[in-house]
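In: Provided below are the primary sequence and the corresponding predicted coordinates.
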Amino acid sequence: MGRNERLWRALVSMSPLAFARDVLGFQPSEAQAMVLDRAPEFRQIALNCGRQWGKSTVAAVLAAHRLTMDEGCTVLVVAPSARQSGETLRKVREFLAVMRMGGKARGDGVNRNSMALPNGSRIVGLPAVDATVRGFSKVSMLIVDEAARVPDEVYLALRPSLALADGDVILLSTPRGKRGFFYRAMTDSEEGWLRHTGDVSECSRISDEFLKKERARGEGYFRQEYLCEFVETGKYLFDEALISRMIGRDEDAWPWV
């Protein structure tokens, strides 16, 4: 039995948290460790976290873990732009390089922003455009970065790609008002989600002096970007919760609608 095969067998039963620490050499914060530890219990994860919390890094760990463990799997990373999804792929590539399991990861030969591993697994990064996200099947893991800024129609176009593999969903974002699938994922009562809100108190790397300057830019801005609150900025006349209540009342009044 070769070294790579022995290493592979040792990794198969390793949890994402142990994988991060013992294989990738990544030492997560307490909050990040909680997410990595509990991730195997859930098929859907929503991380509502502030800037510099490390949510993309946590997602990259989970992606590297999945790509390593499941031969022939497909992981999709979708973000508002190709550059943003490419950043997550860069982190995955760096983690995989640490492992040195033999065989260099290359592009999948079809998608420009992609990597294919020697075990047949691949990861593809895409911009959040309806025409580009369709056509994938048997997706094992779907990561949506900056999810609050991805249109609902794009997310709904992606969901069927998870059906055949019964794939997992990981949503990452800071808030952007009380609307959209990310807001609903964080606030609905639907079970089966691992939800975590990580405000600036979980990121010790940001100084008090910097935060003081940021708060001076506006209370609404600070509450959204650093306290991870779903606040309204005045851009929209109605928020989603109000519209839902209005529709509910209409349905009660006119049941034939």
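Out: Looks like it came in fine.
In: okay, CA-based contacts and neighbour counts for the rest of this
Out: Will do.
In: centre of the chain versus the longest helix belonging to the chain, how much separation?
Out: Counting residues, the longest helix found in the chain (DSSP state H) is helix 82-99. Helix 82-99 sits 13 Å away from the centroid of its parent chain (C-alpha atoms, centre = their mean, to the nearest Å).
In: And the average pLDDT for it is what?
Out: Confidence over helix 82-99 (mean pLDDT, whole number) is 90.
In: list the buried ones in it?
Out: Residues of helix 82-99 classed as buried by neighbour count (16 or more other C-alpha atoms under 10 Å): 82, 84-93, 95-96.
In: Who are the contact partners of residue 120?
Out: Taking C-alpha atoms under 8 Å, 6 or more residues apart in numbering as the contact definition, residue 120 lies against 71-73.
In: switch the cut-off to 6 Å
Out: By C-alpha atoms under 6 Å, 6 or more residues apart in numbering, residue 120 lies in contact with 71-72.
In: Begin at 693 from now on, thanks
Out: Let's use 693 as the start, then, which means that last one is residue 812.
In: quick one on the thing from earlier: so which elements touch the longest helix of the chain?
Out: Judged by 3 or more C-alpha pairs under 6 Å, 6 or more residues apart in numbering; DSSP states H and E, helix 774-791 is in contact with strand 766-771, strand 814-819.
In: Now do that helix and strand 814-819, the angle between them.
Out: Relative orientation of helix 774-791 with respect to strand 814-819: 160 degrees, computed using axes from the mean of the first three to the mean of the last three C-alpha atoms, to 10 degrees.
In: The helix or strand just after helix 774-791 - what's its average pLDDT?
Out: If you walk from helix 774-791 toward the C-terminus, the next helix or strand you reach (DSSP states H and E) is strand 806-808. For strand 806-808, the per-residue pLDDT values average out at 91.
In: Out of the helices and strands in the chain, which is least certain?
Out: helix 932-945 (a mean of 48; mean pLDDT, DSSP states H and E).
In: still on that earlier bit, highest mean neighbour count out of the helices and strands packed on helix 774-791?
Out: strand 766-771 (a mean of 26; mean count of other C-alpha atoms under 10 Å).
In: From the contact counts, what lies against that strand?
Out: Packed against strand 766-771, as judged by 3+ C-alpha pairs under 6 Å, 6+ apart, are the following elements: helix 774-791, strand 814-819, strand 831-836.
In: switch the cut-off to 8 Å
Out: Using 3 or more C-alpha pairs under 8 Å, 6 or more residues apart in numbering; DSSP states H and E as the contact criterion, the neighbours of strand 766-771 among helices and strands are helix 747-761, helix 774-791, strand 814-819, strand 831-836.
In: Would you format these as JSON lines with distance to residue 740 included?
Out: Converted to JSON lines, these look like this (distance: least, C-alpha to C-alpha, whole Å):
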{"stretch": "helix 747-761", "distance to residue 740": "9"}
{"stretch": "helix 774-791", "distance to residue 740": "17"}
{"stretch": "strand 814-819", "distance to residue 740": "20"}
{"stretch": "strand 831-836", "distance to residue 740": "12"}
